[in-house]
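Asks: Quick check, what structure comes out for this input:
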Amino acid sequence: MKTRAITGFFFIMVMLGSFLLGNHVFAAFYLALSCFCLYEFYSLIKKDTATPNIPAGILSGAILYCAFALLNHAGMFGQPALKGLHLAYGLLFIFVLSIGLVFIRELFKISVAPFANIAYTLMGMAFVIMPFTFFHALAYINHDYNFHIPMAFLLMLWSNDTGAYLVGMSIGRTKLFERHSPKKTWEGFIGGVVISAGVGNIISLYYPELSWKHWVSVGILISCFGTLGDLVESMFKRSINIKDSGTILPGHGGLLDRFDGLLLAAPVVYTYLYFALNF
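Replies: The predicted structure follows:
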């Protein structure tokens, strides 16, 4: 428990620093984080299922993240900055070429299931990198860089996890999805939704970027799709018979274990806010 608390404290400090030190540090931090999560995903797949092309996958994922990050940054200036726009499109072109490396490698490699290797390499980018690009884009939902929305996103995500755990431990009786996550209950899920929505309402008092209705709606979406992301990762880990995605965070497991809720929630929250604020 002590190790878990110490790890959690330092991790939160690092996360806060990534928000407060400006848009470049924010982009770089989540680029590194997404690549580490992708590496964990590929390492787990390699243990049991297939042999993804880890170097080409991580390179392609990093290029994809940087391309969208540049598009977000260019959009800060109203009309997108021409230089940044051209660079972003150039990176997208390089991304397509780097994807070709995945196929080319399989041509020269003796493999029982080459298309399984290709599929899991591409799936890793879709499952891990793309959600982080949406999370990064939350900071630019109003065009100018503003860390309030992504930071509030994580606060509500962690509130949901904590609330679901505490309520589930106290009064949880009805299993939510016992086959994939035996400890999760409907009572815990509902408790997480209520607490996350309540945190969203409190956030609305300090961050006026969104109305309280939007903050509460975001909290509910994070609870629902964050829980779904957690269940999907549990299903994935059970399919290869492991408990934690890694050991990089002592007492907490791997990075995928900490950000599994983000993977499905971030694209949904971004889509909701984009349409809610622009139409």
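Asks: distance between stretch 145-160 and the chain's centre?
Replies: 12 Å (CA atoms, centre = their mean, to the nearest Å).
Asks: mind listing what's buried in that stretch?
Replies: By neighbour count on 16 or more other CB atoms under 10 Å, the buried set for stretch 145-160 is 146-160. Placement of C-beta: from N, CA and C, glycine included.
Asks: Return the subset of those residues lying in helices.
Replies: 148-160 (DSSP state H).
Asks: where does the stretch 51-200 of the chain have low pLDDT?
Replies: 75-84 (pLDDT under 70).
Asks: Dump the lengthiest strand in the chain to PDB, keeping only the CA atoms.
Replies: For the chain, the strand with the greatest residue count under DSSP state E is strand 181-185. The C-alpha coordinates for strand 181-185 follow below in PDB (Å, rounded to 0.1, in the frame of the first residue of the first chain):
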ATOM      1  CA  SER A 181     -14.100  -8.500 -14.300                       C
ATOM      2  CA  PRO A 182     -15.500 -10.400 -11.300                       C
ATOM      3  CA  LYS A 183     -15.100  -7.500  -8.800                       C
ATOM      4  CA  LYS A 184     -17.100  -4.900 -10.700                       C
ATOM      5  CA  THR A 185     -20.800  -4.500  -9.700                       C
END
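Asks: Give me the helices and strands touching that strand, please.
Replies: helix 148-171, strand 175-177, helix 212-239 (3 or more CB pairs under 8 Å, 6 or more residues apart in numbering; DSSP states H and E).
Asks: what distance separates the start and the end of stretch 104-118?
Replies: 10 Å (CA to CA, to the nearest Å).
Asks: show me the contacts for residue 131.
Replies: Residue 131 makes contacts with 262, 263, 264, 266, 267, as judged by CB atoms under 8 Å, 6 or more residues apart in numbering.
Asks: can you tell me how far residue 133 sits from residue 19?
Replies: 17 Å (CB to CB, to the nearest Å).
Asks: what number of residues lie near the nearest residue to residue 85 once chain neighbours are set aside?
Replies: In space, and not counting its chain neighbours, residue 85 is closest to residue 74: 5.1 Å by CB to CB, 6 or more residues apart in numbering. Residues near residue 74, counting by other CB atoms under 10 Å, number 19.
Asks: I'd say residue 74 and residue 88 touch.
Replies: Yes. Assessed by CB atoms under 8 Å, residue 74 is found in contact with residue 88 at 6.6 Å.
Asks: quick one on the thing from earlier: so can I have a markdown table of the contacts of residue 131 showing pLDDT and neighbour count?
Replies: Formatted as a markdown table, the contacts of residue 131 follow (pLDDT from 0 to 100; neighbours: other CB atoms under 10 Å):
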| residue | pLDDT | neighbour count |
| --- | --- | --- |
| 262 | 94 | 27 |
| 263 | 94 | 25 |
| 264 | 94 | 22 |
| 266 | 96 | 27 |
| 267 | 96 | 17 |
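Asks: Between the residues you listed, which sits nearest residue 95?
Replies: In terms of CB to CB, no member of those lies closer to residue 95 than residue 267, at 18.4 Å.
Asks: mind listing the helices for this structure?
Replies: Using DSSP H, helices in the chain cover 2-20, 23-48, 54-74, 82-108, 114-124, 130-137, 148-171, 186-204, 212-239, 255-278.
Asks: what's the closest of the ones in helices among the buried residues of stretch 145-160 to residue 111?
Replies: Distances from residue 111 to those, taken by CB to CB, are shortest for residue 157, at 38.0 Å.
Asks: Out of the buried residues of stretch 145-160, which is nearest to residue 51?
Replies: For those, the nearest to residue 51 is residue 157 (32.5 Å; CB to CB).
Asks: Residue ranges of each domain in the protein, please.
Replies: Domain assignment of the chain by automatic domain parsing yields the ranges 23-143, 147-279.
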